[in-house]
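Participant: can you look at this prediction? I've put the sequence above it.
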Amino acid sequence: MRSRDAGPDATGAGPEPGASASEDHSARRSGLMAWLREIAIILGVAIVLSFLIKTFLFKAFYIPSESMVPTLEENDRIFVNLFVPRNFALERGEVVVFKDTKGWLPAVPATTSNPVTDTLEFVGLLPDTSQQHLIKRVIGLPGDHVVCCDASQRLTVNGQALTEPYVNPAETPRVVPFDVTVPAGSIWVMGDNRNHSADSRYHEGIQPGSGFVSIGDVEGQAAVIAWPLNRIRSLDSYPDAFKDVPAPK
């Protein structure tokens, strides 16, 4: 029978001095390494998922100008649906982001790039802030006859006058006459803020054919305002404004 006064080990072989402190340090270090590995895995998965989403589903963009007011405000961040026109045909009224392959934008002075920001934009964790894209609303599809303007100063598409609820109501749009037929593989685009948008109207006047945007240059359909928080919403393509437009002849 063991005495009540006996030590923790009846054989007298207690733990070596300092062993528990060493084990505790090793346990803490092992726990820290496991936590760091877990964080690294989470970040890696987030980056891969973001890159896949940006490549195949949605891509973020930054709005640098007022050309689409009131639909889009300067400094809005948006998500663009990459399935349009890749998998689904464009429709009149949709807001699209497209590459500036025809030099609509003025040359941008070279600036020092930030590798961190560039990387985050590339993988899709930050919106694209480059100056090589534009955003406008599709007014004419291939084959459409688009004219400005009728006796009531309204656009007509294939002879049908449009009522355009998306145009900035704060200003009466200036009349910029044009009469075009959209060629195959192209679209005619205009900004909602008509008096502050250097869109298809102005470039067609500079050089015939230069006002049309190639469908191949369209990145996708602007679907959602994602930032700022008080402006989060989906973007309307106003199908009712174009429902009576007949097919092109």
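Facilitator: Good, I have the coordinates.

Participant: every contact and neighbour count from this point should use C-alpha atoms.
Facilitator: Will do.

Participant: got the CA positions of the longest strand along the chain in PDB?
Facilitator: Criterion DSSP state E: the longest strand present in the chain is strand 218-227. Extracted in PDB, the C-alpha atoms of strand 218-227 (Å, rounded to 0.1, in the frame of the first residue of the first chain):
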ATOM      1  CA  VAL A 218     -16.300  43.200 -75.900                       C
ATOM      2  CA  GLU A 219     -15.100  41.900 -72.600                       C
ATOM      3  CA  GLY A 220     -18.600  41.300 -71.200                       C
ATOM      4  CA  GLN A 221     -21.900  42.700 -70.000                       C
ATOM      5  CA  ALA A 222     -21.800  45.000 -66.900                       C
ATOM      6  CA  ALA A 223     -24.000  43.100 -64.500                       C
ATOM      7  CA  VAL A 224     -23.600  44.500 -61.000                       C
ATOM      8  CA  ILE A 225     -22.400  47.600 -59.100                       C
ATOM      9  CA  ALA A 226     -20.300  46.100 -56.300                       C
ATOM     10  CA  TRP A 227     -18.900  49.200 -54.600                       C
END
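
Participant: what pLDDT, on average, does the helix or strand just after it get?
Facilitator: Following strand 218-227 in sequence order, the next helix or strand is strand 233-234 (DSSP states H and E). If you average the pLDDT over strand 233-234, you get 95.

Participant: relative to strand 233-234, what are the paired strands and their orientations?
Facilitator: Using DSSP bridges, the strands paired with strand 233-234 are strand 218-227 (antiparallel).

Participant: list the contacts of the partner strand.
Facilitator: 76-86, 94-99, 231-235 (Cα atoms under 8 Å, 6 or more residues apart in numbering).
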